[in-house]
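[1] Here is a sequence together with a model predicted from it:
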Amino acid sequence: MANVLSGNSAKIVNITSWKVCLVGFLTLMPCVSGNESAQATTGVGPYKVAQVKDANNDPTIVETWIVADEATVNIASPGSPDVKANGMAFKSCSDKQLSACTKLGIPGPEFRLKVGDRVIAHFVNNLEKSGLDPEANVSGIHWHGIELNNASDGTEVTQPAVDPKGGTFDYDFTVTRPGIYWYHPHHHSSTNQVAKGLYGSIIVEDNQGHEAQLRNSGVIPPAEQTKTLVLSDITVCNAPGTGTNPATFAGDLPHVSGVEAWEINYSNDDLNQSPLILCELESRDANGVYTPNLYQAGDVPNIQAPSLTGRMSEGFTVLTNGVQVDARGGTPSAPAAPSSSVLANALEVQAGQGLRLQIVNPSPVRYMRLRLTTSSGAQVNLLRIGGEGGLLDHAVLEGGITANNFDFKYGQGEILVPPAGRADVVAAIPDDATGVLTLWTEDFERVEATYSWTPTVPVMHLKVGGIPVTSPSLVKQAGDPLLTSVGTSVKVLDAAPDNLLAPSSGEAGSTNKDIQLTFWSNNGAFQASIDGVPMPRDFTGLGKDGLANSGNPFFLDSARHATLENTLELTVTNTTGANHPFHLHGFSFQPTKLAPQGGTTGPIYEFPYHEFRDIMDVPANYTFTFRVSLDDRPTKYKPVGGGLGRWLFHCHILPHATFGMMSELHVHH
Ligand SMILES: [Cu+2]
């Protein structure tokens with residue numbers, strides 16, 4: 001295995017305390033105390049993630065103290081000059097005194113669990129007090145995708161926000177479904193907190209031995225050939241006044257698609273959130289208020305503005321487990337020879353082996369469109385074997401254009417991971433592979449036939465070495481059996497009526513089974529909303545009438561109501577011209593269909609396999625149909641009733657959610 005650790009561990013950032021104080025002053029925060037931030041680094045290398053510290057001797061209980069803090073991390077690839085980012089990071093401790101901890105890192109430490117395991121997570125918010133009103137650094141943890149008790153869901157409708165500088169909250173839940181999940185804040189300013197680095201992965205394996213059986217029989221790769229890839233992005237400021245090409249957009253990075261348009265728009269400042277705008281021209285405090293001279297070199301700017309007047313931008317540096325992997329020239333289909341630094345930091349693989357990648361995308365805006373190519377540029381298919389709800393019945397090859405002309409807008413054998421999405425994929429390294437293979441993320445047409453103007457960059461390099469492996473039973477192509485080969489299969493939800501309840505007296509809500517993702521026209525400006533009703537959860541302060549803080553920030557006309565233990569069939573119609581990744585809290589859903597919205601024509605996609613997910617990227621002007629079973633689970637204290645309560649649903653492009661493309665499913669007795 002390539003030694004990816006030695007270079008990185010030598011690069012623990014040493015920053016002087018005056019710098020932290022200066023940053024603190026400029027961001028209207030007190031100086032960071034203690035040495036923690038000065039010692040922080042990113043995870044533990046591009047292809048490894050730190051694991052949580054477990055304080056509990058019971059093998060079925062993971063108990064840990066999860067701390068959110070300010071942190072300066074080094075996001076440079078091992079061996080390259082440091083690139084320091086003044087972000088935010090999680091650490092995990094095995095004692096209440098917070099003395100035995102992982103390093104603060106991006107991403108936060110990973111939970112590896114089995115179905116049935118109980119998680120006791122004592123959350124500690126050590127972020128600085130912001131001095132802003134409303135308080136900007138309140139926080140909490142949402143356990144994205146976990147079907148847990150409502151009180152542990154970590155949103156502003158399930159618990160009070162946790163105060164900075166020492167506030168705590170105890171989460172206590174049991175994991176019930178295998179799959180890849182993640183955790184992140186969901187309270188005020190969570191857009192900014194996630195953009196600055198507060199996220200981590202959760203991997204849950206089944207407790208029936210199915211996955212172990214598939215590993216042991218060589219159908220899927222063994223643990224040593226399984227890697228977590230937390231693929232995110234971040235923007236880091238250059239020193240003010242040093243030009244329009246901040247360090248995070250290095251002009252010599254390899255780009256492929258969309259770069260010309262990106263550069264033109266960048267130089268014209270048409271991007272609403274270029275680094276120059278975020279860091280200098282329109283620097284904003286954590287409440288979205290324009291505040292001049294806020295950022296110095298190395299700062300990670302706030303990205304949430306108080307109104308949506310244009311399109312959101314991706315972060316400008318792509319991170320693989322908190323590190324920018326080495327650049328590689330050329331294009332995915334014609335890659336340049338690898339540099340010595342690529343060779344030094346690549347993960348070593350063997351020809352003929354299978355490589356399993358468990359991918360999480362915590363980016364607030366960026367879609368990861370992933371493609372693996374050989375040293376000569378030939379594509380190696382990324383076979384999807386699972387993701388948000390555990391393993392599939394059979395391996396699936398996604399992307400391309402279907403027989404009836406449904407266009408995924410990414411190539412067959414590529415993988416698209418939208419914001420907050422996850423994918424479990426296997427790549428069969430070709431028997432004749434040599435040299436360095438590279439996994440790239442490319443631009444995606446997320447705004448109706450328009451790219452995001454993001455450059456194509458590598459997110460992983462694989463160096464072929466050692467003795468070739470032959471694994472004839474390895475999953476290699478679409479249709480190869482997974483769960484079916486070990487005598488089980490994904491549960492299938494039967495067709496169901498919508499079963500929505502009328503809101504009872506005194507409650508607001510809608511009985512329309514079609515949830516509409518809308519851009520509501522707010523005096524000529526567009527506001528992301530549900531059913532035309534913006535539901536400001538944050539500091540945007542707009543009520544339905546468009547007036548500043550109408551006094552009803554939890555406007556619920558678009559809420560849906562249903563009864564526990566019901567199965568619903570609902571639709572989500574995207575009436576806008578851009579893709580939106582739809583997320584439902586608390587209950588994983590089974591996708592059935594994507595069809596053109598009413599009144600329009602176009603190809604239909606019926607899901608040819610069964611799966612449970614909590615994120616669905618809904619294309620512009622399409623209607624997504626899904627089924628969901630409102631299963632109960634224990635509360636923190638009782639065996640039943642944990643499924644009752646208020647569960648958010650929203651677009652997971654975080655600025656859209658904050659603007660108001662968010663509502664609630666209320667689950668009643
Ligand atoms: Cu959206």
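    Ah, there it is.
[2] any idea which helix or strand comes after the strand or helix carrying F173?
    F173 is part of strand 167-174 when elements are defined by DSSP states H and E. Reading on from strand 167-174 to the C-terminus, the next helix or strand found by DSSP H and E is strand 179-184.
[3] So T484: helix, strand or coil?
    Under the three-state scheme (DSSP: H, G, I helix; E, B strand; the rest coil), the conformation of T484 reads as helix.
[4] mind checking how far P655 is from the ion?
    Separation of P655 from the ion (CB to the ion, to the nearest Å): 8 Å. Glycine gets a C-beta too; all of them are placed from N, C-alpha and C.
[5] Surely that residue is within a helix?
    Yes - going by three-state DSSP, the assignment for P655 places it inside a helix.
[6] Let me see the confidence value for it.
    We note a pLDDT of 88 for P655 in this prediction.
[7] From what I see, it and E314 are in contact.
    No - P655 is beyond contact range of E314, at 11.3 Å (criterion: CB atoms under 8 Å).
[8] Quick check: neighbours shared by the two?
    Taking CB atoms under 8 Å, 6 or more residues apart in numbering as the contact definition, P655 and E314 share the neighbouring residues V365.
[9] rewinding a little: quick one: buried residues of the strand holding F173?
    Neighbour counts using 16 or more other CB atoms under 10 Å place 167, 169, 171-174 of strand 167-174 among the buried residues.
[10] which outside residues touch that strand?
    Strand 167-174 is contacted from outside by 116-125, 138, 140-141, 143, 146, 148-149, 152, 154, 159, 162, 633-634, 636, using CB under 8 Å, 6+ apart.
[11] cutoff 6 Å now
    For strand 167-174, contacts defined as CB atoms under 6 Å, 6 or more residues apart in numbering pick out 118-125, 148-149, 152, 162, 636.
[12] Now that strand - C-alpha only, CSV.
    Included here for strand 167-174 are C-alpha records, laid out as CSV according to Å, rounded to 0.1, in the frame of the first residue of the first chain:
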residue,chain,number,x,y,z
GLY,A,167,-23.4,23.9,25.0
THR,A,168,-24.2,20.2,24.9
PHE,A,169,-26.9,17.8,23.6
ASP,A,170,-27.1,14.0,23.9
TYR,A,171,-28.2,12.0,20.9
ASP,A,172,-29.2,8.4,21.6
PHE,A,173,-30.5,6.2,18.8
THR,A,174,-30.3,2.7,17.2
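[13] Strand partners (parallel or antiparallel) of it?
    Looking at strand 167-174 with DSSP bridges, its partner strands are strand 118-125 (antiparallel).
[14] how far out from the middle of the chain is the strand it pairs with?
    20 Å (CA atoms, centre = their mean, to the nearest Å).
[15] continuing past it, what's the next helix or strand?
    Next helix or strand after strand 118-125 toward the C-terminus (DSSP H and E): strand 142-144.
[16] Next, the nearest residue to E606 once chain neighbours are set aside: secondary structure please.
    Using CB to CB, 6 or more residues apart in numbering and skipping residues adjacent in sequence, the residue nearest E606 is K593, 5.2 Å away. Secondary structure state of K593, per three-state DSSP, is strand.
[17] just checking, K593 touches P608?
    No - contact status for K593 versus P608: not in contact, 10.9 Å apart, counting by CB atoms under 6 Å.
[18] Between these two, which is the more surrounded one?
    Taking K593 and P608 together and counting by other CB atoms under 10 Å, K593 has the greater number of neighbours (14 against 8).
[19] Pairing partners for V318 in the sheet, please.
    Beta-bridge partners for V318, by DSSP bridges, are D233.
[20] do you know how far it is from V426?
    According to CB to CB, to the nearest Å, V318 and V426 sit 22 Å apart.
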